[in-house]
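Peer 1: With the sequence up front, the predicted model follows.
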Amino acid sequence: MKTKLLFSLIGAIVIFAWQFLSNAWPNFHKSAAEYTPAQDSILQECLKQGLTEGMYFLGQPDPSLSMDQQKEMMKQLDGKPWAVINYHETNAMSMPMNMIRGFLVCFVISFLLFWLFIQQKDPTMINRILVALAVGMIGFFFVPYTSFIWYKAPGIFAHFADAIVPWVILGLIGHKMAAKISSI
């Protein structure tokens with residue numbers, strides 16, 4: 001159990017550190033949070049319109065219309081501008097709490113990955129790296145890539161790197177640590 005917890009701690013540090021590098025410096029994800037000088041007027045307009053907290057897809061037909069009316073509206077919207085707005089009424093980010101929660105998630109993910117390692121019937125280094133890579137790619141395909149397909153979410157290559165780099169590192173570290181458990 002000590003090895004599992006140690007790997008989970010090391011894994012959490014690796015993933016958390018990679019997330020910092022990926023999102024802070026050199027900030028591979030900067031295209032997902034671009035600045036616009038029009039931000040004040042856009043936010044004022046959201047407030048003026050009485051928008052409540054939520055995520056909105058602008059450029060879609062009114063869901064209260066009939067299916068035929070929605071199809072007709074979709075034809076009219078084709079080729080026109082569209083946007084996704086993630087609107088919050090209050091800017092109240094708790095950096096320490098978000099970091100703690102993020103680190104705990106990284107710890108749990110690493111624990112689960114190590115559990116997968118010790119379940120393997122053929123625990124070669126390549127197989128462990130491939131399992132770790134599979135975990136990263138499953139996460140990538142399930143959320144960022146699917147979002148990219150539908151909403152053209154920016155930063156897809158940064159997410160792709162997020163799905164590879166820390167997971168290969170964890171595969172290498174996990175292979176060494178899981179070997180200790182297998183030999184006991």
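Peer 2: Here it is on my side, so go on.

Peer 1: Return the backbone torsion pair for residue 124.
Peer 2: Dihedral pair for residue 124: phi -80, psi 160, per degrees, to the nearest 10.

Peer 1: That one and residue 179, how far apart?
Peer 2: Here the criterion is Cβ to Cβ, to the nearest Å. By it, residue 124 lies 10 Å from residue 179. Just so you know, the C-beta spots here come from the backbone N, C-alpha and C atoms, and that holds for glycine as well.

Peer 1: The two: which is more packed in?
Peer 2: residue 179 (14 against 10; other Cβ atoms under 10 Å).

Peer 1: now the residue nearest the centre of the chain, nearest residue through space, not along the chain?
Peer 2: Nearest to the geometric centre of the chain sits residue 144, at 6.0 Å (Cα atoms, centre = their mean). In this structure, residue 144 finds its nearest non-sequential neighbour in residue 159, 3.7 Å apart by Cβ to Cβ, 6 or more residues apart in numbering.

Peer 1: Do a quick rundown of the helices in this protein.
Peer 2: For the chain, applying DSSP state H gives helices covering 2-23, 39-48, 67-77, 95-119, 125-140, 146-151, 156-182.

Peer 1: Make CSV out of the ones you listed and add distance to residue 30.
Peer 2: CSV is the format used below for the helices of the chain (distance: least, Cβ to Cβ, whole Å):
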stretch, distance to residue 30
helix 2-23, 9
helix 39-48, 16
helix 67-77, 29
helix 95-119, 18
helix 125-140, 19
helix 146-151, 16
helix 156-182, 8
